[in-house]
Structures are given as structure tokens and as C-alpha cells.
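S.K.: Have a look at this fold, sequence not included:
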């Protein structure tokens with residue numbers, strides 16, 4: 001019988017004060033990519049949890065109910081994750097951002113709300129976070145599908 005593995009959750013996602021920052025799940029094929037993105041996002045005040053891209057992403061997003069999920073795939077086969085996130089999300093669907101290679105067509109993948117080509121500069125990532133904060137500021141029950 002295969003052992004179940006629990007995705008690594010950064011401590012900050014578990015402690016949600018009333019005035020909290022944007023909560024983000026970062027999912028990448030390579031752990032070092034997830035770590036760099038997490039450090040950048042934490043530097044701008046986000047609460048971040050990281051996981052391996054795949055079914056663990058969907059499970060963690062379901063449990064953590066983040067404001068956004070950032071996908072950083074390096075190989076094909078990731079395209080089913082955004083749709084699964086939308087299907088499994090509880091009352092609150094996360095905003096899904098894909099950071100992919102040039103010409104991948106990520107913006108056309110169902111369930112992806114925004115796409116950017118890699119490498120992504122910290123300034124672009126900070127800009128995305130700030131824009132998402134603005135969008136969420138006046139919306140009580142955020143649902144990016146609407």
C-alpha cells in the first residue's frame with residue numbers, strides 16, 4: 001500500500017489574523033522554483049503555502065482556501081490542475097495565475113485567470129499581487145468565475 005504524503009505547508013498559512021495579507025498557494029514542478037516564488041511573495045506581505053504541482057495542489061487549495069494559486073510548471077501535463085481547482089473549490093474559488101514558458105498558451109487553459117511568461121521578475125509578481133489586492137478589496141465573496 002502506498003503511503004500518503006502531506007504537502008509541505010509554510011507556517012504562515014496556518015496563522016490567519018483578522019487583518020491578514022493575501023493568501024497564496026504556490027505549486028511548482030521544482031521545489032526551488034516554489035521556494036523562490038514563496039520568498040518573493042512573503043516579502044510583499046503574502047501568506048504562502050508551497051506544494052508540488054499536481055493533485056497535492058488541489059488538495060492544499062481546498063484545505064487552505066487561498067485568495068490565489070500560482071502555478072509554475074516546467075513540463076506538460078499541468079493543464080488539468082486549474083479545472084480541478086475550480087471543480088473542487090468550496091464556496092470560494094481561488095484566482096489562478098500560470099507562470100509558463102514562452103508560447104505555452106497558458107492563457108487559453110480553462111481555469112487560468114492570468115498568465116505570465118517565465119522568468120518572472122519580482123516587480124511583475126509584486127504588480128500582480130497588488131492588482132489582485134485591489135480587486136479583492138471591494139468584493140466580499142470573491143468568485144473570479146463571475
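M.R.: Alright, I've got the coordinates. Note that this is a predicted model, so its numbers are computed, not measured.
S.K.: Just the element for residue 77, please.
M.R.: Under DSSP states H and E, no helix or strand contains residue 77.
S.K.: One more: residue 123?
M.R.: Going by DSSP H and E, residue 123 is part of helix 122-137.
S.K.: From the contact counts, what lies against that helix?
M.R.: helix 31-43, strand 95-100, strand 114-117 (3 or more C-beta pairs under 8 Å, 6 or more residues apart in numbering; DSSP states H and E). Every residue, glycine included, has its C-beta placed from N, CA and C.
S.K.: Kindly reformat these as CSV containing mean neighbour count, distance to residue 59 and mean pLDDT.
M.R.: Output for the helices and strands packed on helix 122-137, formatted as CSV (neighbours: other C-beta atoms under 10 Å; distance: least, C-beta to C-beta, whole Å; pLDDT from 0 to 100):
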stretch, mean neighbour count, distance to residue 59, mean pLDDT
helix 31-43, 17, 15, 91
strand 95-100, 24, 15, 89
strand 114-117, 16, 23, 86
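S.K.: In CSV, list those along with distance to residue 77.
M.R.: As requested, those are exported to CSV (distance: least, C-beta to C-beta, whole Å):
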stretch, distance to residue 77
helix 31-43, 16
strand 95-100, 12
strand 114-117, 17
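S.K.: per-residue confidence for residue 14?
M.R.: Per-residue confidence at residue 14 stands at 46 (pLDDT).
S.K.: wait, residue 53
M.R.: Looking at residue 53, its pLDDT reads 92.
S.K.: you'd agree it is up against residue 28?
M.R.: Yes - in this structure residue 53 lies within contact range of residue 28 using C-beta atoms under 8 Å: 5.7 Å.
S.K.: Could you check which of these two has the larger neighbour count?
M.R.: Neighbours per residue, other C-beta atoms under 10 Å: of residue 53 and residue 28, the larger number sits with residue 28, 24 against 21.
S.K.: Where does pLDDT dip in this protein?
M.R.: 1-20, 89-91, 138-146 (pLDDT under 70).
S.K.: rerun at 80
M.R.: 1-21, 88-92, 101-107, 133-146 (pLDDT under 80).
S.K.: if we can go back for a sec, give the intersection of the neighbour lists for residue 53 and residue 28.
M.R.: 71, 72, 73 (C-beta atoms under 8 Å, 6 or more residues apart in numbering).
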